[in-house]
Structure formats: C-alpha cells, structure tokens
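Q: Okay, predicted coordinates and the sequence, questions at the end:
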Amino acid sequence: MTKNKIKFVDLGLVNRKYKTKYFNLINKIYDNSSFIKSNYNHILEKQICKIFKCKYSLCLNSGTDALIIALKSLGLKNGDEILTTSNTWISSAYAISLNNCKPVFVDINDKYLQMDENLLKKKLTKRTKAIMVTHLYGNPSKMDYICKFAKKHKLFIIEDIAQSQLARFKNKIVGNFGDIACMSFYPSKNIGAVGDGGAIICNSKKFFQKATLFANYGSVNFKDKDHKIVGFNSRMDELQAAFLNLKIKDLKKNNGVRKKLAKIYDKKCDSLGIRRIHVMPQAESAYYVYPIIVKKRDLLMKELKKENIYSQIHYEIPIHLQTAYKKTKRKDLKITENISKNILSLPFYPGIKKKQIERIFEVIQKNKFFI
Ligand SMILES: Cc1ncc(COP(=O)(O)O)c(C=O)c1O
C-alpha cells in the first residue's frame with residue numbers, strides 16, 4: 001500500500017488561510033486596473049521597513065533582480081572583486097558577474113555551513129571591494145567579525161537574506177549589518193509569494209535612490225519622464241504585493257513555528273547520530289530549510305522517495321563547479337565540495353504534522369547505514 005505523500009514543502013497548506021482574503025483583493029485590483037507599483041507595493045514596502053527595522057525598502061521582481069540592482073547601486077567598477085560563497089543559489093554569483101565584477105569564492109565552516117570568516121584575509125587583494133554574505137538555510141553568518149573585517153579594509157557588505165528573513169545575529173535582524181540587503185519572495189521562502197518577487201532593504205538614502213532608478217527604467221517613477229541612468233524594469237506587480245501584505249504579518253509567528261519544529265528535528269538527529277547544522281550561540285536562525293549531512297545522500301534520498309517522502313538538495317553542484325563558472329575552478333573549497341555531496345534537506349514547513357516527522361525519521365532510522 002502506498003503511504004501518504006510527505007511533500008518537501010506543502011505550499012497548498014501554508015497558503016490556505018490567505019485564499020479568501022486574497023481572492024477578494026484580486027477582485028479589487030482587477031476592477032481598479034492598477035496593476036503595477038501602486039498602493040499594495042507601497043503598503044508592503046512600509047511593512048517591510050517596520051518588520052525588518054530598516055529605513056528603506058524597494059519591492060522588485062525577484063531576489064535575483066534585487067542582488068543585481070543592489071550591486072548596481074553601489075557603483076562598483078569593472079574587475080572589482082567580491083568575496084562570496086560557492087555553496088549557495090547561483091544568483092549571487094550571477095549578480096556579481098552581470099555587474100562585470102569577479103566572484104572570489106571563500107570556503108564555508110563545517111559546523112554552521114556559512115562563509116568561513118577566518119579565510120577572508122587570505123582572499124583579500126587590492127581589487128577586493130565588497131563581501132556578499134548569504135545567510136544560508138536561515139542561519140546567520142558571523143556578522144560581528146565580517147563587519148569589523150569589512151570596515152578595516154573599506155569593503156561594502158551586501159547581505160543575501162533570501163533564506164533568512166528575520167533571522168538575527170546578536171539580536172540584530174540580518175540585512176541591517178551591511179550596506180544593502182536582498183531578499184526573495186520565491187514561493188517556498190519564509191515569506192513566499194504566489195509567483196516571483198524580491199526586495200532590497202537598506203539604511204542609505206543614496207543606495208535606495210540609485211536602486212529605485214535602476215529598477216524603473218532609470219526614472220524615479222511613472223511621472224518622471226527623464227531617464228537619468230541606464231536602467232531596466234524590475235517592479236513587483238500588485239497581485240504579488242497584495243498577497244505578500246497578507247502573509248508578511250505572519251512571518252514572526254511562522255518563524256516561531258519553524259523554530260519549534262527545528263528543535264524536534266534537532267532532538268531526532270541527535271538521538272539517531274545524524275549530523276546536522278548548528279546555529280551560532282549569538283544567532284537566531286529563520287530555519288528556512290532543515291538540512292542534514294549524511295554519508296550516502298543519494299541512496300537515502302531514494303529510500304525516502306520509495307516511502308513517498310520528498311527531500312531536496314541545497315545545493316548539488318557548488319557555483320564554482322557549474323559550467324557557467326568553469327573558468328573560476330578552485331582547489332581550496334573542500335568543505336563546500338564535500339557538503340554538496342552529502343547534504344540533504346528534509347521535508348520541513350509550518351504545518352507539517354508530528355506523525356509525518358515521526359515517519360521521516362523512522363525511514364531514516366531504517367536506513368541508518370546511509371547516515
Ligand atoms: C540565497 C538565495 N539568493 C537568491 C535567490 C534568488 O531569488 P529569486 O528566486 O527570487 O530570484 C534565492 C532563491 O530563490 C536564494 O535562495
């Protein structure tokens with residue numbers, strides 16, 4: 001008999017409570033015909049500032065656009081080097097390359113799986129101009145050290161908080177440590193849209209204004225007929241903004257649910273001897289996903305699938321080994337490479353049932369030779 005499916009993320013369940021309200025908003029927007037950068041965008045930008053405790057926010061088409069535009073707004077020069085990690089979604093490296101800069105990959109630490117701050121000095125050259133920090137899996141990087149290092153060497157900091165919405169380091173919300181931060185509202189994110197979406201947050205008027213121009217064809221807004229710089233179009237549509245306005249109100253509460261779930265998973269991992277990711281004592285994770293590190297990842301994934309349990313890999317091929325980056329191949333990213341072979345993200349989302357969690361770990365226990 002086929003067991004009930006355990007999805008990796010059950011978006012139907014996660015989004016169910018917003019459906020009636022959202023469909024009413026769709027009706028309103030449809031009748032008003034204000035589809036682009038109107039009231040719902042402005043309300044969302046205000047909500048983001050309030051929740052993330054920043055001065056400025058700009059809603060955009062995607063997290064990838066946010067990264068590209070954030071770098072544009074810093075005014076970097078061709079050939080500038082940006083220190084970043086290879087164990088992440090490829091958009092961060094793309095944003096660097098599309099700004100004619102060079103990604104310089106720094107390995108990660110093996111306890112927290114974040115940028116290894118102790119390796120930054122080794123990678124520093126005269127051309128280094130910025131550090132792009134991705135707080136991956138919801139887990140904050142060591143921002144006190146990274147900020148000190150950046151200050152000493154006059155480097156910009158760009159934070160990628162796509163996976164770490166409302167995570168904290170030393171009680172400060174990530175995204176507020178650097179010069180500019182980028183987030184994604186990809187549907188599975190802690191605040192996921194019903195399509196693509198992203199945002200920039202920052203505390204600098206100058207960077208905010210520059211980003212606003214880039215995202216709107218080089219003009220300030222619809223009324224501004226002068227295209228001041230070469231820009232492009234990356235605006236959030238009102239249908240996404242309306243949905244996100246509903247969902248963002250639950251971010252804190254949902255992160256609390258994720259934290260409680262993570263504690264259950266942590267206990268299970270520790271009792272079965274499964275290697276898991278740790279959160280720094282000064283940090284509070286947003287628990288975007290729950291990855292474990294096992295010896296025979298692909299075999300375990302297959303066994304889980306046989307039992308109708310769906311896991312995912314974050315990430316299977318590190319950026320420096322992707323075809324698009326084959327020229328930047330490096331030998332000193334050993335932890336990144338090892339992790340990519342052994343990491344597996346288990347089903348994890350607000351609303352997953354205790355019974356389902358039990359079943360996931362029962363199947364893992366049955367296959368303990370793979371862990
Ligand atoms: C860490 C990280 N950065 C950037 C992005 C890109 O965001 P988007 O998919 O909205 O373009 C993602 C993924 O969605 C991500 O996980």
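A: Noted; the coordinates are in hand.
Q: Now do the strands in the stretch 201-350 of the chain.
A: Using DSSP state E, counting those that start in this stretch, the strands assigned to the stretch 201-350 of the chain run over residues 275-276, 283-284, 290-293, 343-346.
Q: Now for this protein: which helix has the highest residue count?
A: If you go by DSSP state H, the chain has its longest helix at helix 251-272.
Q: tell me what it is packed against?
A: In this structure, helix 251-272 makes packing contacts with strand 275-276, strand 290-293, helix 354-366, judged by 3 or more C-beta pairs under 8 Å, 6 or more residues apart in numbering; DSSP states H and E. Using the backbone N, CA and C atoms, a C-beta is placed for each residue, glycine as well.
Q: right, so of the strands of the stretch 201-350 of the chain, which gets closest to the ligand?
A: Closest approach to the ligand among these (C-beta to the nearest ligand atom): strand 343-346, 11.8 Å.
Q: Give the burial count for whichever residue of the chain sits closest to the ligand, as a bare number.
A: Closest residue of the chain to the ligand, C-beta to the nearest ligand atom: Gly63 (2.5 Å). Gly63 sits with 27 neighbouring residues when counted by other C-beta atoms under 10 Å.
Q: Which parts of this structure belong to which domain?
A: What the record gives for the chain is the domain set 13-106+114-249, 251-370, from automatic domain parsing.
Q: remind me which residues of the stretch 201-350 of the chain are low pLDDT?
A: Across the stretch 201-350 of the chain, the ranges flagged by pLDDT under 70 are 329.
Q: let me fix that: the stretch 1-150 of the chain
A: For the stretch 1-150 of the chain (pLDDT under 70), the answer is 1-2.
Q: got the residues of it near the ligand?
A: Within the stretch 1-150 of the chain, the positions lying close to the ligand (C-beta under 6 Å from any ligand atom) are 62-64, 88-89, 91-92, 134.
Q: closest to Arg168 among these?
A: Comparing these against Arg168 with C-beta to C-beta places Thr134 closest, at 16.1 Å.
Q: Not counting sequence-adjacent ones, nearest residue to that closest one?
A: Computed as C-beta to C-beta, 6 or more residues apart in numbering, the closest residue to Thr134 that is not its neighbour in sequence is Asp160, at 4.0 Å.
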